[in-house]
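Enquirer: What follows is a predicted protein model with its sequence.
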Amino acid sequence: MVFLDKMTQVLNQVLTWIGGCFLGIMIILTCTNVFLRLIWVPVAGTFELMGYCGAVLTAFALGYTQIRRGHIAVDIIVLRFSKGTQRVLNSINGLICMVFFAVVAMQITRYATTLVKTGEVTETLRIIYYPFTYCVAFGCITLSLVFLTDFLKSLLQNESEN
């Protein structure tokens, strides 16, 4: 359990750094495009590049945000339950989310494999789609791992308190 937790932490930290690099690219691209528009020579394909960078940035930040509990949670009703009931509900929620994002990652991977076979590219810059699609799938897999870790922690916490 400790190994899985550490591995998930390190993996998501690395993905956060990579996502930060994509954010830096987006900032540079946006500033460059704004300044070049002043002389009527905008960067070609800015919209495509921003979309791809934004997709990778978002996907790579999912797991880290879950580790930090940065996602929005509406728990007005759950907070009224006892601590034991809250743990059970959090365990069920973690299990459902883990399965959901594992299925999402699997479906996105299948779609990316289809893109590899068809060789689909963007209109303006002729960039291949599938590497970015695989990145989004990988981000969902890491989020699923975080939910797995949370689920196992909640189970072990329940057993140690009984």
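Expert: Perfect, I can see it now. Numbering: from 1, shown residues only.
Enquirer: need the contact list for residue 42.
Expert: Contact analysis of residue 42 by Cβ atoms under 8 Å, 6 or more residues apart in numbering lists 33, 36. C-beta: built from backbone N, CA, C; applies to glycine.
Enquirer: Can you list the low-confidence ranges for the chain?
Expert: 158-162 (pLDDT under 70).
Enquirer: so how far is residue 50 from the residue located most distally from the centre of it?
Expert: The centre of the chain is farthest from one residue, residue 39, which by Cα atoms, centre = their mean lies 37.2 Å away. Distance from residue 39 to residue 50, counting by Cβ to Cβ, to the nearest Å: 20 Å.
Enquirer: just residue 86 next, same as before
Expert: Taking Cβ to Cβ, one finds residue 86 at 40 Å from residue 50.
Enquirer: Figure out the helix or strand that residue 30 lives in.
Expert: According to DSSP states H and E, residue 30 maps onto helix 2-38.
Enquirer: How far off centre is that helix?
Expert: Computed by Cα atoms, centre = their mean, to the nearest Å, the chain-centroid distance of helix 2-38 equals 12 Å.
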